[in-house]
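>>> Fold the following.
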Amino acid sequence: MSEEIANGTATEATGPVFTVEKIYAKDVSFEVPGAPAVYNEQTQPQLQMNLQQAVQRLNENAYEVILGINLTCAVGDKTIYVAEVKQAGVFGLSGFDAATLDGMLGVHCPTVLYPYARQLISDLIQSGGFPPFFLQPINFEALYAEGLRQRAAQQATDGSNLAGAETAGNA
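Predicted structure coming up:
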């Protein structure tokens, strides 16, 4: 946060402010259900990754953002391992209009959290006795844009269904 000193007192600068207050692992799980037999598997495993995000407003200018990553490694219908991480952070955001705030929470905050989650998952997999695995970078801006497109399409569908119901009711 930038401050100016005027006459011996600190005054806050005007304009939008973004701060990272705290980053922490909120929940971590690693399972190897078929150990030790799975360590003898010689076939190429399939990986499936699910990404979730949750935002909770803590006070007027503070938000908790949780980035959840579930990574499942399987051979056929046999699960080799499951790594689940919920990487969280508390972010200070003030001075943003509603659309920009939504974008900051949906793009910038998960972008800050992702490297921590990525490293934690990599460490879990390697500690579980498997070769190192590094998740590829994720374009949170593209995911956010797709989410906006889907919300707009849903609102348009809901609006046309509502308009159709009103018209049918007036007939």
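>>> rest of the way, CA atoms for contacts and neighbours
Will do.
>>> Could you check how far the host helix or strand of residue 54 is from the centre of its chain?
Using DSSP states H and E, the element containing residue 54 is strand 46-59. Computed by CA atoms, centre = their mean, to the nearest Å, the chain-centroid distance of strand 46-59 equals 4 Å.
>>> swap in stretch 59-78?
Chain-centre distance of stretch 59-78: 7 Å, with CA atoms, centre = their mean.
>>> Let me know the angle separating whichever strand in the chain runs longest from strand 46-59.
Of all the segments of type strand in the chain, defined by DSSP state E, the longest one is strand 78-94. If you take axes from the mean of the first three to the mean of the last three CA atoms, to 10 degrees, strand 78-94 sits at 30 degrees to strand 46-59.
>>> partners of strand 78-94, with directions?
strand 17-31 (antiparallel), strand 62-75 (antiparallel) (DSSP bridges).
>>> Name the residues that touch the strand holding residue 54?
Contacts with strand 46-59, where a contact means CA atoms under 8 Å, 6 or more residues apart in numbering, come from 63-76, 105, 110.
>>> So for stretch 124-133, what gets flagged as buried?
Within stretch 124-133, the residues that qualify as buried are 124-125, 128, counting by 16 or more other CA atoms under 10 Å.
>>> Kindly report the same for stretch 31-44.
Neighbour counts using 16+ other CA under 10 Å place 31-32, 38 of stretch 31-44 among the buried residues.
>>> next one: stretch 101-116
Buried residues in stretch 101-116, counted by 16+ other CA under 10 Å: 101, 103-107, 109-111, 113-114, 116.
>>> so who does residue 128 touch?
The contact partners of residue 128, taken as CA under 8 Å, 6+ apart, are 30, 32.
>>> Of the contacts of strand 46-59, which one scores lowest on pLDDT?
Among those, residue 76 has the lowest pLDDT, at 87.
>>> residues contacting that one?
Counting by CA under 8 Å, 6+ apart, residue 76 touches 45-46.
>>> Quick check: chain neighbours aside, which residue is closest to residue 90?
residue 64 (4.5 Å; CA to CA, 6 or more residues apart in numbering).
>>> same thing with residue 65?
Nearest one to residue 65, counting by CA to CA, 6+ apart, is residue 55 at 4.6 Å.
>>> What separation do you get for the one you found and residue 66?
6 Å (CA to CA, to the nearest Å).
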